[in-house]
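**Q** Build me a model from this:
(one chain, ligands or ions: 1)
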Amino acid sequence: MATEIKEFDGAIDKGLEGIVACTTKISSIHDSTLLYRGYTIEDLAANSTFEEVVFLLWNDRLPNKNELEQLRSDLVKNMTLSNETVALMKALPAKNAVPMDYLRTVTSSLALQDPDTRSIEFEANMRKALRLTGVMGSIVAGLGRIREGKDIVKPDPSKSIAWNFMYMLKGEEPSAKTAKMFDTCLILHADHELNCSAFAARVTTSSLADMHAAVTSAIAALKGPLHGGANEQVMKMLLQIGTLEKAETFIADAIKDKAKVMGIGHRVYKNGDPRAKILRKMSEELCAMTNQKHFYEMSARIDDMMFEKKGLMPNVDFYSATVYYCMGIPIDLYTPIFAVSRVSGWIAHILEQYSQNRIYRPRGRYLGKTGLTLGR
Ligand code: ACO
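**A** From the prediction side, this is the model:
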């Protein structure tokens, strides 16, 4: 006998709004407070490193000094691309590729050479976790270089993921300040409860598919402009607006036309995204440092207007756009950079899903035709 479908019509048509799909101990959002494993995002952003956060997300506790150094060194070791991966990356049509398509394809291909592909045992998963988290930044930086006809840069084993990402993308050592700020960006993007891409990763995992399959699903979900893709759209919008004077008319027109302003609004945060507050300060500082104050001023004006006119506030994508722009990162790499960090959170969700698995298999309320016959 088929199971009964409960009365959740509102939630069905509203993107499962308000529905709890699983229990989790990884991160929590309550009002405007975001916690990773019990620590506030403000505390982690100010006082930790991305590697520390990765350890925290995967192990439910902070590392000691040796554990942290071991993790940093393991992750950076895995930043070196294999000859097979470099050959594939060079063979793919990188020049005009949508970077998220490229990242998804290369990530998926890594399963073909991973010695643990066929195992979902815990130890095998931890090895894959290190490989995937280490390599993600190298694929993105590698794309940035290959499409410009430049050589791939090898990581410095003594440095962090954040430092190495900037180094491998640009081919020159980042300043300590840039590396630190980028590290903070990675911390801010690492996890976010049951967001669209983490949910995609968990759904794929729930069939007991492997980690590469689940991470590839998550990258696919992150691509869209309603999720991670919004940061690129924000920067394009600011460049299109051009000056502070034009920002007001642009936003007034968008509101009149009922067009969505990218980087604004959130399904869960109704009183502000705490990550956006931290990024706003970074954006102000970086725009001033790079003589591009107008980008911060335009952003702040849009932020104010959206709150005044619609009661909506910026999300993580809004100010990260100008932060990355001031760091000289190509706009179409903003969403792939999101994945460079979020892969750590996806993996935490994948591990948690394996540990408490039941396959996700909801029901669809059928509204189609019935009673038709072929009449043959
Ligand atoms: N600009 C203008 N109006 C907006 C915006 C926006 N950015 N966001 C929401 N609204 C309005 C909607 O038009 C709607 O108004 P209505 O009730 O008059 O029709 C109302 O606010 C509710 O919006 P929904 O889209 O139903 O909210 P939902 O919870 O489904 O979506 C989302 C949340 C996707 C973040 C939405 O606010 C949005 O599209 N924002 C822009 C895209 C974006 O920034 N995405 C990144 C999100 S953060 C992340 O994933 C990393």
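**Q** same question for stretch 23-40, mean pLDDT?
**A** Mean per-residue pLDDT for stretch 23-40: 97.
**Q** what does stretch 197-209 give?
**A** Computed over stretch 197-209, the average pLDDT equals 98.
**Q** And it, how far out from the chain middle?
**A** Mean-position distance between stretch 197-209 and its chain equals 16 Å (CA atoms, centre = their mean, to the nearest Å).
**Q** Would it count as contacting the ligand?
**A** No. Judged by CB under 6 Å from any ligand atom, stretch 197-209 stays clear of the ligand, getting no closer than 8.1 Å. No exception for glycine: its C-beta is placed from N, CA and C like everyone else's.
**Q** which residues are contacting that stretch?
**A** With CB atoms under 8 Å, 6 or more residues apart in numbering as the test, stretch 197-209 has contacts from 21-22, 120, 191-192, 194, 211, 213-215, 217-222, 227-228, 342, 345-346, 349-350, 353-354, 357-360.
**Q** give me the subset of those touching the ligand.
**A** His227, Gly228.
**Q** Quick check: can you list the domain ranges of this structure?
**A** When the chain is parsed with automatic domain parsing, its domains come out as 27-226+331-355, 230-326.
**Q** Is Gln284 inside a helix or a strand, and which specific one?
**A** If you look again at residue 284, you'll see it is Glu, not Gln. helix 274-289 (DSSP states H and E).
**Q** about what we covered before: among the contacts of stretch 197-209, the buried ones, what's the ChimeraX command?
**A** Buried members of those, defined by 16 or more other CB atoms under 10 Å, are picked up in ChimeraX with:
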select :120,191,192,194,211,213,214,215,217,218,219,220,221,222,227,228,342,345,346,349,350,353,354
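**Q** I'd like to know which elements whichever strand or helix holds Tyr102 is packed against.
**A** Take DSSP H and E as the rule and Tyr102 turns out to sit in helix 99-109. When contacts are defined as 3 or more CB pairs under 8 Å, 6 or more residues apart in numbering; DSSP states H and E, helix 99-109 sits against helix 83-91, helix 122-146, helix 211-222, helix 334-355.
**Q** if I pick the residue of the stretch 51-200 of the chain found nearest the ligand, what's in contact with it?
**A** Going by CB to the nearest ligand atom, the ligand is nearest to Asn195 of the stretch 51-200 of the chain, at 5.9 Å. By CB under 8 Å, 6+ apart, the contact set of Asn195 is His227.
**Q** Repeat that for Asp191.
**A** Per CB under 8 Å, 6+ apart, neighbours of Asp191: Ile26, Ser27, Tyr36, Leu57, Ala198, Arg342, Ser344, Gly345, Ala348, His349.
**Q** again, but for Lys258
**A** So Lys258 contacts nothing (CB under 8 Å, 6+ apart).
**Q** How about the closest residue to the ligand within the stretch 1-150 of the chain: what's its closest non-neighbour residue?
**A** Using CB to the nearest ligand atom, the closest approach of the stretch 1-150 of the chain to the ligand is made by Gly15 at 5.4 Å. With sequence-adjacent residues excluded and distances taken as CB to CB, 6 or more residues apart in numbering, Gly15 is closest to Arg267, at 7.3 Å.
**Q** correct me, but that neighbour touches Leu16?
**A** No. Counting by CB atoms under 8 Å, Arg267 stays clear of Leu16, with 9.7 Å between them.
**Q** overlap in contacts of the two?
**A** Counting by CB under 8 Å, 6+ apart, Arg267 and Leu16 have no contacts in common.
**Q** Against His192, how distant is Tyr36?
**A** Distance of Tyr36 to His192, computed by CB to CB, to the nearest Å: 9 Å.
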